[in-house]
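[1] Coordinates only, no sequence provided:
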């Protein structure tokens, strides 16, 4: 298995009798951008949370670089360090400055020297356009700015794969763009990403592959142009129609 | 009145010393108990729960009597001063545990998750992410506990510690200068507790209105 390759095999996730994900199979190649879409509550966010072991799985397995990732793995912390995750609600650490938010995990988890990490963190903040806010606290930032810091924080760990969980869903419309621009830059660089989103035009622009999930199962898997122009399944067609308006 | 002052000053330092050591102990006990209860550690959780209820619901005076008179009987020699420190630490630990626990509960689960997602271990995320926030969130009851515990030091005279209360009662007994001695007692307690109170209010303000604090606050 290649470095940075993610395999999901027969993933089964349930809360008691309630099945959330059923027989999910997915391989993500290094450099690939996979966009996961589907109706609310279809299980797409849960899938991301299973991938980095935040949720226990009831069946199947998830492999990163050939190592099993799930809540029970002994080495789950070091595997998680290879999987950057950005949450819908940013979840910056409110008691740390913007810079400290970005440097905390590299210093504490990777035990790297502070000066080196800070220099890198400043470069990352520069890149998301927030270098001048390094000394500020998260509460002084807007939602879009917070989310850009959260992306920088995830990148500081140099993850092999970035997991983005509806990262623009909590933002005001005018802030969505500034966040997606940052992601677009990462796409151009060839960063491996799994993106859960409701931004259809963004999905179409950045995806190498679209995964459409409904009721806990992968219903359709296709190149973006095919998926958006000629959805093969009736459920995908119905889902895409909800984004259209006619007078 | 001036001739009493050295006695008061001496008692003041004794009271303060027992108070400070006892409070530091109570913070340590409180943090451990709060984590045991919050993370539902089997067996220890029940013990911690029983400890909190026992010490919160019985008077310090009685706890001190038990330790001072009962411990030597079962072969644990303990000085009055150590007894005072231990008693304050155990009483305070139960109160501190409750305020830290409420602080821990106020830190949102997803903060744990975002720290986990960055590859942190449980110990790392507690130390760097959760505890600093929990302490910030519980600062109000934390300061109230410190003030309460400093005031509780006034029962130490019951186990023959020459604390402020002991000196005041002694002098009243000797010279019948009741008013003067009590006024001095009040003044010395104010000297001890007012700075804590003022500092506490200042820190609370800083945390609530300053540059940092809980998200969305």
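    That came in fine, so what should we check first? Please read these numbers as outputs of a predicted model, since none were measured by experiment.
[2] Around residue B:194, count how many other residues there are.
    11 (other Cβ atoms under 10 Å in any protein chain shown). Glycine gets a C-beta too; all of them are placed from N, C-alpha and C.
[3] element containing it?
    In the assignment (DSSP states H and E), residue B:194 maps to helix B:178-209.
[4] Buried residues, that helix. List them.
    B:181, B:184-185, B:188-189, B:192-193, B:196, B:200, B:203, B:207 (16 or more other Cβ atoms under 10 Å in any protein chain shown).
[5] Burial check on residue 62, number of neighbours?
    You didn't pick a chain, so chain A it is. 23.
[6] Let me rephrase: I mean chain B.
    Here the count is done by other Cβ under 10 Å, and residue B:62 has 12 residues near it.
[7] Next, it: secondary structure please.
    Secondary structure, DSSP: H, G, I helix; E, B strand; the rest coil: residue B:62 is helix.
[8] mind listing what it touches?
    The contact partners of residue B:62, taken as Cβ atoms under 8 Å, 6 or more residues apart in numbering or on different chains, number zero.
[9] And the pLDDT for it?
    As predicted, residue B:62 sits at a pLDDT of 91.
[10] How much space separates it from chain A?
    Distance of residue B:62 to chain A, given as Cβ to the nearest Cβ, to the nearest Å: 40 Å.
[11] Buried residues, the helix ranked longest in chain A. List them.
    For chain A, the longest helix by residue count, based on DSSP state H, is helix A:173-189. Using 16+ other Cβ under 10 Å as the burial criterion, the residues of helix A:173-189 that qualify are A:175-176, A:178-180, A:182-183, A:186-187.
[12] Make a markdown table from those residues and add distance to residue B:16 and pLDDT to it.
    Putting the buried residues of helix A:173-189 into a markdown table (distance: Cβ to Cβ, whole Å; pLDDT from 0 to 100) gives the following:
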| residue | distance to residue B:16 | pLDDT |
| --- | --- | --- |
| A:175 | 53 | 88 |
| A:176 | 58 | 91 |
| A:178 | 55 | 90 |
| A:179 | 54 | 91 |
| A:180 | 59 | 91 |
| A:182 | 55 | 92 |
| A:183 | 58 | 93 |
| A:186 | 58 | 93 |
| A:187 | 63 | 93 |
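[13] which one among the residues you listed gets closest to residue B:36?
    residue A:179 (40.4 Å; Cβ to Cβ).
[14] before we move on, the earlier item: now find how far off-centre the longest helix of chain A is within its chain.
    Mean-position distance between helix A:173-189 and its chain equals 13 Å (Cα atoms, centre = their mean, to the nearest Å).
[15] And the contacts of it?
    A:33, A:127-129, A:142-144, A:147-148, A:151, A:155, A:162, A:164, A:167-168, A:171, A:193, A:195, A:199, A:202, A:205-206.
[16] swap the cut-off to 6 Å and go again
    With Cβ atoms under 6 Å, 6 or more residues apart in numbering or on different chains as the test, helix A:173-189 has contacts from A:33, A:128, A:143-144, A:147-148, A:151, A:168, A:202, A:206.
[17] which element follows it toward the C-terminus?
    strand A:192-196.
[18] quick one, phi/psi of the residue of chain A found nearest chain B?
    Taking Cβ to the nearest Cβ, chain B has its nearest neighbour within chain A at residue A:81, 3.0 Å off. Phi and psi for residue A:81, reported as degrees, to the nearest 10, are phi -60, psi -20.
[19] Could you do residue B:108 as well?
    phi -70, psi 150.
[20] What separation do you get for the residue nearest to residue A:190 when sequence neighbours are not counted and residue A:65?
    Spatially, and ignoring its direct neighbours in sequence, residue A:190 is nearest to residue A:31 (4.6 Å; Cβ to Cβ, 6 or more residues apart in numbering or on different chains). Distance of residue A:31 to residue A:65, computed by Cβ to Cβ, to the nearest Å: 15 Å.
[21] Start from the N-terminal end of chain A and give the strands.
    For chain A, the strands defined by DSSP state E cover A:6-15, A:18-28, A:33-37, A:59-64, A:67-68, A:83-86, A:161-165, A:192-196, A:209-214, A:217-222.
[22] Would you mind giving those strands as TSV with mean pLDDT added?
    TSV is the format used below for those (pLDDT from 0 to 100):
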stretch	mean pLDDT
strand A:6-15	92
strand A:18-28	92
strand A:33-37	95
strand A:59-64	89
strand A:67-68	83
strand A:83-86	93
strand A:161-165	95
strand A:192-196	95
strand A:209-214	94
strand A:217-222	93
